[in-house]
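>>> how would this look folded up:
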Amino acid sequence: MKKIIIGITGASGSAYFLRVMEALSQQELEIHLIASDQGRKVLTYETGVILEEQARLWNKNRAGIILEDNENLFSPVASGSFRCDAMVILPCSMSTVAEIAGGITKTLLTRAADVMIKERRRLVLVPRETPLSTIHLKKMAELSQLGVTILPAMPGFYGHPQTLDEIIGFVAGKVLDSIEIENDCYQRWQGNYEK
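Residues are numbered from 1 along each chain as shown. All right, here's what the predicted structure looks like:
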């Protein structure tokens, strides 16, 4: 069974997190969920969702959801010996980007990301910030050079989305694609453009 770590931080964009988690919870996966304090607060502010309550609902689906304590550096996900297939942080705040780029691992979230880098495993960061400062761009470039996938929450419109859910689905689908999880969250390009 694949093991995936999902992190949520205090950047805006909780709807992307919810859509990805809903899709992941429908599959046979072990999911370790790590939320920063601000991530929990922004999730509730933007969507009305309380993480602990939602995690219980997701656990009724096919995946096993383990809600981790961000202060628990004794968690298995803090160790390189924990075999994990991928980690995604979405949305990923710029302060989290900077901490990971700087090797600052004071929380389980940043430690788990650090482990993914040192073990050369798949790490995907989904920043949701605009405009980006030169500092932000430098830190993301540093991480990209280490093999981290930087997947900004930038929806595409070639599928002619008609609803907010379709726009959210585009980004969620790209995130799932990046960790090799089959999904039908968005309409894929068919190459049927006519002049």
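>>> scan this structure for its longest helix.
helix 164-178 (DSSP state H).
>>> got the contact list for it?
Here helix 164-178 makes contact (Cβ atoms under 8 Å, 6 or more residues apart in numbering) with 15-16, 19-20, 23-24, 88, 90, 122, 124, 126, 149, 151, 153-156, 159, 161, 182-187. For the C-beta atoms, the positions are set from N, CA and C on the backbone; glycine is no exception.
>>> which regions of this structure lie under the pLDDT threshold?
Applying pLDDT under 70 to the chain flags the ranges 192-195.
>>> hey, where'd the helices end up in it?
Going by DSSP H, the chain shows helices at 14-25, 37-47, 51-58, 94-101, 108-118, 134-145, 164-178.
>>> now a ChimeraX select for only the buried ones of the contacts of helix 164-178.
Selecting only the buried entries of the contacts of helix 164-178 in ChimeraX, with 16 or more other Cβ atoms under 10 Å as the criterion:
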select :15,16,19,20,23,24,88,90,122,124,126,149,151,153,155,159,161,183,185,186
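>>> just the contacts of helix 164-178: which are in strands?
88, 90, 122, 124, 126, 149 (DSSP state E).
>>> just the residues you listed now: which is nearest E53?
L90 (19.8 Å; Cβ to Cβ).
>>> mind listing what that closest one touches?
6-8, 13, 16-17, 20, 124-126, 128, 153, 175.
>>> with adjacent residues omitted, what lies nearest to it?
V126 (3.5 Å; Cβ to Cβ, 6 or more residues apart in numbering).
>>> how big is the angle separating the longest helix of the chain from helix 14-25?
60 degrees (axes from the mean of the first three to the mean of the last three Cα atoms, to 10 degrees).
>>> doesn't F17 make contact with V49?
No. Assessed by Cβ atoms under 8 Å, V49 is found out of contact with F17, at 9.3 Å.
>>> now do the shared contacts for these two.
Residues touching both V49 and F17 (Cβ under 8 Å, 6+ apart): L43.
>>> more crowded one of these two?
F17 (33 against 19; other Cβ atoms under 10 Å).
>>> wait, doesn't the more buried one sit right on V88?
No. F17 is beyond contact range of V88, at 9.2 Å (criterion: Cβ under 8 Å).
>>> what touches both of those two?
With Cβ under 8 Å, 6+ apart as the test, F17 and V88 both reach I6.
>>> what separates F170 from L90, distance-wise?
As judged by Cβ to Cβ, to the nearest Å, F170 and L90 stand 14 Å apart.
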